[in-house]
Structure formats: structure tokens, C-alpha cells
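# From the sequence below, what's the structure:
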Amino acid sequence: QVQLVESGGGVVQAGGSLRLSCAASGRIFNINTMYWYRQGLGQQRDLAASISSGDSTVYTDSVKGRFTITRDITKDTVYQQMNSLKPEDTAVYYCVADVRYEIFHSTATYWGQGTQVTVSS
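Modelled structure (predicted):
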């Protein structure tokens, strides 16, 4: 099994910054793409950003220029630096990883429990 543990959420004023971290542990051969999804109250869960094993990144339009996703492959960890935060960024942020637990096997997708980010106006 694989566990993803997020940290770094909290309450911040509009215009402030937070840095989320997510560490994967367990039976891991390698990790393909890692993601940050988010879900606001009463809203659907949407992709915020993703990063491939080759460090290619994708951002949803609403966070471009403000969020930066990075990863440390040696630590099976992904980060998300969030700057210029807005009240509409308030959501539970989930870490997701496509994990290969053994060579030549396909990947399986794992989700973390989520961390709350609240941006006050």
C-alpha cells in the first residue's frame, strides 16, 4: 500500500502565501505524475496543478502565475507554493500520485486525505 500525507495548509489573509507538501511512502518503485487537486465547499473537485516525472508542469488557468508545483523525486515528495492567494482559493487540497510499485507494472492512483486552505478577505 501507499500513503500520501499532506501538510502546510492553514488560514492566511488574501495576498498571502502558503506552501503545501505531500510525502508518499509505502511500496513504491517509482512515481509517474503527481497532482494537486482542490475542492471548495459545495464545488466539484478540480485539478489545480500537476507535474510529471520529467518535471513537465500543467496549471489550471486560475492559478497560473501564482502557484508553482515542484517535486523531489529522491524523497517521493511534491510541493505547491501558493502566492497571492485569493478567497476563491479556499478549498481542501488533495495530493494525488500515480505510483508504480514494481518494475514493469502499471501505475495505480493514490489520494491523500486533504489539507484545508482558507483565505480570508
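# Going by C-alpha atoms from here, please, whenever you check contacts or count neighbours.
Will do.
# for the residue sitting nearest the centre point of the chain, which residues make a bridge with it?
The residue lying closest to the centre of the chain (C-alpha atoms, centre = their mean) is residue 36, at 2.6 Å. Applying DSSP bridges to residue 36 gives these bridge partners: residue 49, residue 95.
# any idea how far it lies from residue 104?
In this view, residue 36 and residue 104 are 26 Å apart by C-alpha to C-alpha, to the nearest Å.
# Look at the residue of the chain most remote from its centre and give its secondary structure.
Using C-alpha atoms, centre = their mean, the residue of the chain lying farthest from its centre is residue 104. It sits 25.8 Å away. Under DSSP: H, G, I helix; E, B strand; the rest coil, residue 104 falls in the coil class.
# next one: residue 3
strand.
# Which parts of this structure are strands?
In the chain, the strands defined using DSSP state E lie at 2-7, 10-13, 18-26, 30-39, 46-51, 57-59, 67-72, 77-82, 91-100, 108-111, 115-120.
# contacts for the second one?
Put plainly, it is strand 10-13. Strand 10-13 has contacts (C-alpha atoms under 8 Å, 6 or more residues apart in numbering) with 18, 85, 116, 117, 118, 119, 120, 121.
# min pLDDT across those residues, which one?
Lowest pLDDT among the contacts of strand 10-13: residue 121, with 93.
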